[in-house]
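Undergrad: need coordinates for the below:
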Amino acid sequence: MNALRVSLLFLKVGVMNELQYRVNLVVQLFQSAITLVTGLAVLALVYSHTDELNGWSQSELLCLTGIQILMAGAIRMYVEPNMSRVIDEVREGTLDYALTKPEDAQVLASVREVRIWHVVDVFSGLIVLGFGLSRITTDFGILDALAFAVALVLGGVMIYCFWLVIATGAFWVVNMWHVAELFDGLFATGRWPVGIYPGWLRVSVTFLVPVAFAVTVPAEAVTSRLEWETLLLAVVFAGFLFAATRWFWRFGLRRYSGASA
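TA: Just a heads-up that it's a prediction; the model follows:
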């Protein structure tokens, strides 16, 4: 509960800071519109030559596109800015300010920054998802909705864990920006069902960079094609990742020498 209280406090402060620069909302609206129009145009181009892609109809792939946009917005709103700040502070030796606070260092490192205007991507993703669902003929039941919510949360946890590994790696390799840029490129693979990729890439974007769990699995839930074994695997893998990355974070802290060292 204390972690939740701290998270809400930083969220409030972050929102107040972002509201000082409302022109950023206009910029974000423009960027989000370009991303959305480009994604939909590519989708329309693909389905002008085929009726389905690896068994996915255009409406089902619209749902997947909406989830990918939604998840990308959430990552850029909360996960990426916090982990980028950790990388900066490790390089500059100023992470001490978080480590000396009477709160869990990982919690503080994970909630201090919020880029509220990326909520535009979250809402645009929800709109695309809703439109795609309205065009699907299969029934979307309560169990599907519950599986979707669980899969989406688990996917978010896995992406957070991946970013935490990147940030923790800065304790050994100071310049980790190339890895962060690589993530953006790999996350773009989530625009398509993971099943269309060759085996080696499918494994990579499932277990190394968990894009499949973050995008394809929730999309399978809303399109009534998710198998419960896959959801169970997601639960187990998310739990393992969270435990492993927390251990890795604490191990990395032992290597840190800050400004006060």
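
Undergrad: centre of the chain versus the host helix or strand of Ile34, how much separation?
TA: Using DSSP states H and E, Ile34 sits within helix 23-47. Its chain's C-alpha centre and that of helix 23-47 lie 18 Å apart, by Cα atoms, centre = their mean, to the nearest Å.

Undergrad: helices or strands up against it?
TA: Judged by 3 or more Cβ pairs under 8 Å, 6 or more residues apart in numbering; DSSP states H and E, helix 23-47 is in contact with helix 58-74, helix 119-134. To be clear about C-beta, it is placed using only N, CA and C from the backbone, and glycine gets the same treatment.

Undergrad: what pLDDT does the residue nearest the centre of the chain get?
TA: Nearest to the mean C-alpha position of the chain, counting by Cα atoms, centre = their mean, stands Ile75 at 4.0 Å. pLDDT, Ile75: 94.

Undergrad: now do the SS call for the residue nearest to Glu113 when sequence neighbours are not counted.
TA: Leaving aside its chain neighbours, Glu113 sits nearest to Pro81 (3.8 Å; criterion: Cβ to Cβ, 6 or more residues apart in numbering). Under DSSP: H, G, I helix; E, B strand; the rest coil, Pro81 falls in the helix class.

Undergrad: that older thread, reformat the helices and strands packed on helix 23-47 as TSV; add mean neighbour count.
TA: TSV is the format used below for the helices and strands packed on helix 23-47 (neighbours: other Cβ atoms under 10 Å):
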stretch	mean neighbour count
helix 58-74	24
helix 119-134	18
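
Undergrad: and Val194, which of the ones you listed is closest to it?
TA: helix 58-74 (9.9 Å; Cβ to Cβ).

Undergrad: now the angle from the closest one to helix 119-134?
TA: 160 degrees (axes from the mean of the first three to the mean of the last three Cα atoms, to 10 degrees).
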